[in-house]
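> just a sequence and a predicted model for now, questions to come.
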Amino acid sequence: MFLESKIPSEQYIRFKSLHKVMDNGQGRIKRKKWILILIGCLLLSLFLPWTQNIQSNGQVSTLNPQQRPQQINSIIAGRIAQWNVKDGDFVKKGDTLLRITEIKEEYLDPSQLSRVDEQIKAKDASIDFYQNKATATNSQASALNNSKRLKLSQLVNKLKQYRLLVQSDSMSYLASENQLKIAQQQLQRQKQMYDAGLKSLTDFEQRQQAYQDALSKKISAENKFYNSKNELINMRIEQSSIEQEYTEKILKATGDRFSTLSEISTTQSEVAKLKNQLANYKLRRNFYVICAPQNGQVIKTSKAGIGETVKDGDLLLEIVPQSFDFAVEIFVDAVDLPLLNKTQKVRLQFDGFPAIVFSGWPNSSYGTFGGKIAAIDPSISLNGKFRAWVVPDESEKSWPKNLRYGSGAKGIALLKDVPVIYELWRKLNGFPPEYYSKTAVSETKIKGKKNEK
C-alpha cells in the first residue's frame, strides 16, 4: 500500500512485474495455498518411518589370517645374492623371490654336511666297539660264574670227605680211649695180683707193656682226629676265600660291562646330537632360497641391491594375496556396543563406488551393499573403540569384485524403525537409540501368554 501511494497509477500499470508482486488478489491466495501444502508435507514427513542406525567408518580386510598381506622375513642372517622379483610383480606359491648366502663362520665350510656325516659314522663305529666290549665282559663274567660254581662244587665234595674223615678219626679216638681204659684196668688188677703173689713179674710187665701200647694208640688217634678237624676248618676257610676271590672278579667284570654300557649311552647321545646338528644344517641350507608362501603381488621390498646383509627376522618384502574372502572391520563406540550382535544387518558404502545414501531409509539408498556382523571383539582397540567384523550377506547382491585390501568403507548398522519426529526428539534429548531383537520380543510374548494362563 505504501508503494502504491508513492508510484503514479500510469507507471504502476506499465510495470507488469510490479503489478504481479503487488497484486493482492488471486496470487496471494495461491501463495498461501502452497505454503499450507508445504507445511502439511513437512508435518506428514515427520510421521514417516525412520530406521535408527549406527554409523561407523572402517576398511576392507579379511577374517582369514592367511589371506592378509604377509611379511616375508629372513629366517637366518645372510647376504643378498640375487633378486628374482620387483615391486608390482605377481608371483605364484613356490616361486623364488630372492636368494641369500651365508655370512657366519661356522656355516661357511662347503663340505660341512659330509664332515658331520663322517663324525656320525665314526661314532657309530665306536658304539659297535663298545657293544663288543660289553659282550666280552659279559661272557667273562659268565665264565667266572661257571668256574666259581665248579670250584665250589669241588670244595663241597672235599668238605664231605673231610667230614667223614673227622667222623672216622673221632671213632678211632674213642676206640683207643676205651682200649686205654681197659688196659689201665687190667694193669691195676695185674698189679694187685702181682702184689698178692698170684702173678709173676713177667705177666705184670707184659700187661704194663700192653698198657703203654694202648696209651700210644690213644695219643696217635687223638692227634689224627685233631689234624682232620684242622683240615676241615682249613677247607671251609678255603671255600670262603674262593667265594670272595671269584666274587671280586665277577664284580670287576660286571663293573667293566656297566662302564662300557655307559660309554655306549654317551656315544649314542653324541650321535643323536650330531644327527640333530646335521638336520639343522640341511634345513638351514633350504633357507638360502626364499620362496613365495602364496599367490599374490609383491609390494614394499625393504632391502635394496645385491650384497646387502640381513639379520635374523629382518623384513625383506610384503605380498598381498590376489584373492581373499572380503570382510569389513568397523569400529563402534562403547555406548553403541550393546546394540550390536552377530548376524545383525549392516549396509556398507565402499570408497570408489558411487552411492546415494539415506541412512534412515536403507531401501531407498543406491550403491550400498548388504552385510551382516560375523564377530565382535570383546576387548577395546587402541583407538578407544570396539571392532566388529562384517561379512557379505548372501541373500543380497554380491560385493564388488574390484575391492582392494585396506580400502575405506562406511558401515551403517540398522536398528529399530521409528517415526522421524521421534528420532528428532531422541537426538535433541541425547537419548540412545532403541533396539529390540526378534528373539527377545518373541520370548517376552511367550512369557506373557504363560502368565495369563
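Thanks, I have the structure now. Numbering: from 1, shown residues only.
> what number of residues lie near the spatially closest residue to residue 398 that is not a sequence neighbour?
Excluding the flanking residues, the one nearest residue 398 by Cβ to Cβ, 6 or more residues apart in numbering is residue 392, at 6.5 Å. Any C-beta I mention is one placed from the backbone N, CA and C, and that applies to glycine too. Residue 392 has 19 neighbours, counted by other Cβ atoms under 10 Å.
> low-confidence stretches in the stretch 301-450 of the chain?
Scanning the stretch 301-450 of the chain for pLDDT under 70 picks out the ranges 355-367, 415-418, 423, 426-427, 429-450.
> re earlier: pretty sure the residue nearest to residue 398 contacts residue 403?
No - Residue 392 is beyond contact range of residue 403, at 10.4 Å (criterion: Cβ atoms under 8 Å).
> overlap of the contact sets of the two?
residue 326 (Cβ atoms under 8 Å, 6 or more residues apart in numbering).
> alpha carbons only: can I get stretch 403-411 in CSV?
These are the backbone C-alpha positions of stretch 403-411, laid out as CSV (Å, rounded to 0.1, in the frame of the first residue of the first chain):
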residue,chain,number,x,y,z
LEU,A,403,37.6,-54.2,-3.9
ARG,A,404,41.2,-53.9,-2.6
TYR,A,405,42.6,-54.8,0.8
GLY,A,406,42.7,-51.7,3.1
SER,A,407,40.3,-49.6,1.0
GLY,A,408,37.9,-47.4,3.0
ALA,A,409,34.3,-48.3,3.9
LYS,A,410,31.4,-46.9,5.8
GLY,A,411,29.1,-49.1,7.7
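> distance from the chain centre to it, please.
Relative to the centre of its chain, stretch 403-411 is centred 37 Å away, using Cα atoms, centre = their mean, to the nearest Å.
> just stretch 214-230 next, same as before
87 Å.
> and the contacts of it?
In contact with stretch 214-230 (Cβ under 8 Å, 6+ apart) are residues 162, 165-166, 168-170, 172-173, 175-177, 179-180, 182-184.
> I'd assumed residue 79 was in contact with residue 99.
No - if you go by Cβ under 8 Å, residue 99 and residue 79 don't touch, sitting 10.1 Å apart.
> what's near enough to touch residue 80?
The neighbours of residue 80, taking Cβ under 8 Å, 6+ apart as the test, are 98-100, 303, 305-310.
> now with 10 Å, please.
74, 98-101, 290, 303-310, 316 (Cβ atoms under 10 Å, 6 or more residues apart in numbering).
> quick check: phi and psi at it.
When read as degrees, to the nearest 10, the backbone of residue 80 gives phi -70, psi 120.
> how far away is it from residue 298?
For residue 80, the distance to residue 298 (Cβ to Cβ, to the nearest Å) stands at 15 Å.
> spell out the secondary structure type for the residue of the chain positioned farthest from its centre.
The outermost residue of the chain relative to its centre, with distances by Cα atoms, centre = their mean, is residue 197 at 122.8 Å. Three-state assignment for residue 197 (DSSP: H, G, I helix; E, B strand; the rest coil): coil.
> with residue 343 instead?
coil.
> so it touches residue 374, yeah?
Yes - with contact defined as Cβ atoms under 10 Å, residue 343 counts as touching residue 374 (8.2 Å).
> comparing the two, which residue is more hemmed in?
For residue 343 versus residue 374, neighbours defined as other Cβ under 10 Å are more numerous around residue 374 (16 against 9).
> so what does the more buried one look like in phi/psi?
For residue 374, the backbone dihedrals are phi -100, psi -30 (criterion: degrees, to the nearest 10).
> that older thread, which among the contacts of residue 80 count as buried?
74, 98, 100, 290, 303, 310, 316 (16 or more other Cβ atoms under 10 Å).
> list the strands paired with the stretch of helix or strand the second one belongs to, with their directions.
In other words, residue 98. Using DSSP states H and E, residue 98 falls within strand 96-101. Each strand paired with strand 96-101, and its direction, by DSSP bridges: strand 78-83 (antiparallel), strand 289-291 (antiparallel).
> tabulate those (TSV), appending mean pLDDT and distance to residue 57.
Putting the strands paired with strand 96-101 into TSV (pLDDT from 0 to 100; distance: least, Cβ to Cβ, whole Å) gives the following:
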stretch	mean pLDDT	distance to residue 57
strand 78-83	89	38
strand 289-291	90	37
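> quick one, which of those strands is nearest to residue 49?
Minimum separation from residue 49 across the strands paired with strand 96-101 (Cβ to Cβ) falls at strand 289-291, 57.5 Å.
> which outside residues touch the next helix or strand after the closest one?
Once strand 289-291 ends, the next helix or strand along the chain (criterion: DSSP H and E) is strand 296-299. Applying Cβ under 10 Å, 6+ apart, the set of residues contacting strand 296-299 from outside is 67, 69-70, 72, 85-93, 95, 97, 292, 317-324.
> wait, what's in contact with residue 300?
69, 71-72, 87, 315-320.
> ok, it to residue 406 distance?
For residue 300 relative to residue 406 (Cβ to Cβ), the value is 13 Å.
> for residue 381, same thing?
Distance of residue 381 to residue 406, computed by Cβ to Cβ: 16 Å.
> centre of the chain to stretch 121-135, how far?
Mean C-alpha position of stretch 121-135 versus that of the full chain (Cα atoms, centre = their mean) differs by 36 Å.
> again, but for stretch 236-249
The chain centre lies 58 Å from the centre of stretch 236-249; the measure is Cα atoms, centre = their mean.
> list the contacts of the residue nearest to residue 398.
Contacts of residue 392 (Cβ under 10 Å, 6+ apart): 325-328, 348, 369-372, 374, 398-399.
> ChimeraX command to pick out the buried ones of the residues you listed?
This is the ChimeraX syntax for the buried subset of those, where burial follows 16+ other Cβ under 10 Å:
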select :326,327,328,348,369,370,371,372,374,399
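> save the contacts of residue 392 as a markdown table, and put in secondary structure and distance to residue 224 too.
Listed next are the contacts of residue 392 as a markdown table, based on DSSP: H, G, I helix; E, B strand; the rest coil; distance: Cβ to Cβ, whole Å:
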| residue | secondary structure | distance to residue 224 |
| --- | --- | --- |
| 325 | coil | 112 |
| 326 | coil | 118 |
| 327 | strand | 114 |
| 328 | strand | 119 |
| 348 | strand | 125 |
| 369 | strand | 126 |
| 370 | strand | 126 |
| 371 | strand | 121 |
| 372 | strand | 119 |
| 374 | strand | 113 |
| 398 | coil | 124 |
| 399 | coil | 123 |
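> what count of nearby residues applies to residue 333?
Quick note: residue 333 (other Cβ under 10 Å) scores 11 neighbours.
> next one: residue 32 from residue 43, what distance?
16 Å.
> ugh, wrong one, I meant residue 191
175 Å.
> with that, I have no additional questions.
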